[in-house]
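Undergrad: what follows is a predicted protein model with its sequence.
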Amino acid sequence: MVFRLGRLTPRRFLFFTSAGALFFIFIFSLTPITSPLPPYTGPHEVGILDVETQVQKRVIHDATLKSTGGKAFELNTLAITLYYPSSLPLASPSKRPWARPWLPQPVSLIGEGYARLAGVPRLSFVFTFALWALGSSTVIPGVVDAPILSGAEKVLGEEGAAVGGFGKIMSAAEQEHQELKRDEGFGTLPCMVFTHGMAGMSQSYAHYLGSIASHGYVVAAVEHRDGSGPGTIIHYPDGKERKVWHMKLEALESTSPMTDLDLKAAQLNFREAEISETIKLFAQLNAGEPPVVNLKPHSLRNALPGFQNRLNLSAVTVGGHSYGATGAMQALKSAGSKEMPVYGGIALDPGKGSGPLNEDIDVPILVMQSGEWTEKQTKFYGKGWHFNVVKKIVESVREGWFMTLSGSAHPSCTDAPLIVPWIMKMVTGTTLNSKVALHEYIDTSVGFLEYLQTGQKKGVLESGVTNAEGPFKHDDPREKVQGPHGADWEIHAVPGSGST
Ligand SMILES: *[C@@H]1O[C@H](CO)[C@@H](O)[C@H](O)[C@H]1NC(C)=O
């Protein structure tokens, strides 16, 4: 034995680890391994704000944590990241503002979270280091606490800012109009709640969500406290904090023993409560009172009063990826109720192991799957192939779309393939360029959100069914339709296709 433990003196240990660290830094600096996030795709500058607010305390499930004895599913505060269109002029690419580091802070919390998730909590320094090496140079574009796009500015933009005097009259008229709207109780910007995947975080989708915001939508990405993420900190109004780590079944205690499906049901119910609270927060921001108290430490808070009378509370959607897509579809079950006033949903790769999918949906839905998700089929909770289960649900909805973006993989809608393109390409085997994939997802999503407002179909949504059988069609070549950025989509179901 060359390296007996006795010989691993602290000094030797330091030497080896720092040599290892230097080696990694050397490799990473040689390889252009990380890329900056691209600019958002829409016409507006994007404002970004982390908000945490107190909500009515409730316990979603009675399970406790073995380690602390505390309630595992107690909802105390809601944490979201808001992405919204701003009235600030679009900066040129070289002067692109950045809102904050892409990695949530502190990085060590997330590193420890992923180490626990991987079942090797002792190696948390390795995870923290890897995250730091790959993610620390990445920033999220946007302006923290920027003023929200105002109704007046939208008019100015459309009428042309050159006619100064006329513009002023227009904005005065718009202001009067605003007074009217105030009475009606809603503004013009549609809203979306977005829920992340298993082991994901609210910031893992910055490009997708920021781009939707840049098209004129107020998007709230929820940071779930259901124990599905790597780690998150709850900030209580009295200044106390509580860390929520990734929860595994073995870590929980309950009066009646929990199964894996019970844990998922508890987490999905927790998420549903957080989605409902997010919509209540939209309503509170729109009403302007009581003023939202932001519990996030060091968070700026000038922009929020500007949200008064700006949000269209009749135009709220819910979207999600993977576990979050399963959660979004669950939330759609009570769409239109007081607790869940949503009028449509977007599901990206609805989970294959996140629990059964809700089949009772009667608002429009867009389900987009990655190539990987569609090609690799698994049986789904005793109901047959996952693909067929999803298709049946979409076909039972009055206005539902189900489609696959060819050549993409499960993480293709996240920021990961933009930040570490070749690592992700190697790991996931995607054939579609990662920027193109995201642009396709964004344009199709925005097209769907516009359809909800105008009733007009654009882009891929105009297409009929190209391949109803998906991965089970083996004989003829599988027909596809080209998206706005040249990628191939397979359309499996469109409104009306189920009834024939
Ligand atoms: C709010 O959204 C609804 C539903 O799309 C739409 O009918 C209404 O015109 C919108 N209101 C405003 C003020 O934009």
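TA: Yep, it's here.
Undergrad: near the ligand, which residues of the protein show up?
TA: Proximity of the chain to the ligand, by CB under 6 Å from any ligand atom, involves residues 186, 188, 312, 314-315, 452-453. Heads up, the C-betas are built off the backbone N, CA and C, glycines and all.
Undergrad: keep only those of those that are in helices.
TA: Of the residues of the chain next to the ligand, the ones assigned to helices by DSSP state H are 452-453.
Undergrad: narrow the residues of the chain next to the ligand to those that are buried.
TA: 186, 188, 312, 315, 452 (16 or more other CB atoms under 10 Å).
Undergrad: contact partners for V126?
TA: V126 makes contacts with A115, as judged by CB atoms under 8 Å, 6 or more residues apart in numbering.
Undergrad: what about 6 Å?
TA: Counting by CB atoms under 6 Å, 6 or more residues apart in numbering, V126 makes contact with nothing.
Undergrad: cool, and G400?
TA: Going by CB under 6 Å, 6+ apart, the list of residues near G400 reads 365, 394.
Undergrad: that one bridge partners, please.
TA: I365 (DSSP bridges).
Undergrad: can you give me phi and psi for F129?
TA: Per-residue torsions, F129: phi -60, psi -50 (degrees, to the nearest 10).
Undergrad: with I491 instead?
TA: The phi/psi pair for I491 (degrees, to the nearest 10) is phi -100, psi 120.
Undergrad: same deal with A416?
TA: phi -50, psi -50.
Undergrad: how far away is it from the ligand?
TA: Taking CB to the nearest ligand atom, to the nearest Å as the measure, A416 falls 33 Å from the ligand.
Undergrad: pull the number of nearby residues for that residue.
TA: For A416, the count of nearby residues is 21 (other CB atoms under 10 Å).
Undergrad: residues in contact with the helix or strand containing A437?
TA: Assessed by DSSP states H and E, A437 sits inside helix 434-454. The contact list for helix 434-454 (CB under 6 Å, 6+ apart) reads 38, 41, 207, 211, 215, 344, 346, 366, 405, 408, 412-413, 417-418, 421, 457-461, 483-485, 487.
Undergrad: at 7 Å what do you get?
TA: With CB atoms under 7 Å, 6 or more residues apart in numbering as the test, helix 434-454 has contacts from 38, 41, 190, 207-208, 211-212, 215, 217, 315, 317, 343-344, 346, 364, 366, 368, 405, 408, 412-413, 417-418, 421, 424, 457-461, 483-487.
Undergrad: same deal with stretch 63-77?
TA: 52-55, 57-61, 227, 234-236, 247, 251-254, 258, 266, 270, 273, 295.
Undergrad: before we move on, the earlier item: may I see the buried ones among the residues of the chain next to the ligand organised as CSV, with pLDDT added?
TA: Formatted as CSV, these follow (pLDDT from 0 to 100):
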residue, pLDDT
F186, 48
T188, 91
N312, 95
A315, 97
L452, 97
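Undergrad: so which of those residues belong to strands?
TA: Among these, the members found in strands (DSSP state E) are 312, 315.
Undergrad: what pLDDT does the residue of the stretch 351-500 of the chain found nearest the ligand get?
TA: Of all residues in the stretch 351-500 of the chain, Q453 sits closest to the ligand, at 4.2 Å by CB to the nearest ligand atom. Here, the pLDDT recorded for Q453 equals 95.
Undergrad: go on, the one 3 residues further on?
TA: In this model, Q456 is scored at 97, pLDDT.
Undergrad: and if you look at S171?
TA: Note on S171: pLDDT of 47.
Undergrad: buried sites along the helix holding A437?
TA: Under the neighbour-count criterion of 16+ other CB under 10 Å, helix 434-454 has 434-452 buried.
Undergrad: can you give me every residue that contacts D226?
TA: When contacts are taken as CB under 7 Å, 6+ apart, D226 is in contact with 267, 270-271.
Undergrad: run a quick neighbour tally on the closest residue to I423 other than its chain neighbours.
TA: Nearest residue to I423, sequence neighbours excluded (CB to CB, 6 or more residues apart in numbering): I33, at 6.9 Å. By other CB under 10 Å, 16 other residues sit near I33.
Undergrad: my read is that I33 contacts P421, right?
TA: No: contact criterion CB atoms under 7 Å: I33 and P421 do not qualify, at 8.9 Å.
Undergrad: contact partners for Y83?
TA: 46, 48, 209-210, 213, 219.
Undergrad: now, which of these sits nearest the ligand?
TA: Using CB to the nearest ligand atom, these come closest to the ligand at V219, 15.8 Å.
Undergrad: related to what we said a few turns ago, got the buried ones among the residues of the chain next to the ligand as a markdown table, with distance to D262 columns?
TA: A markdown table is the format used below for these (distance: CB to CB, whole Å):
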| residue | distance to D262 |
| --- | --- |
| F186 | 39 |
| T188 | 43 |
| N312 | 38 |
| A315 | 35 |
| L452 | 35 |
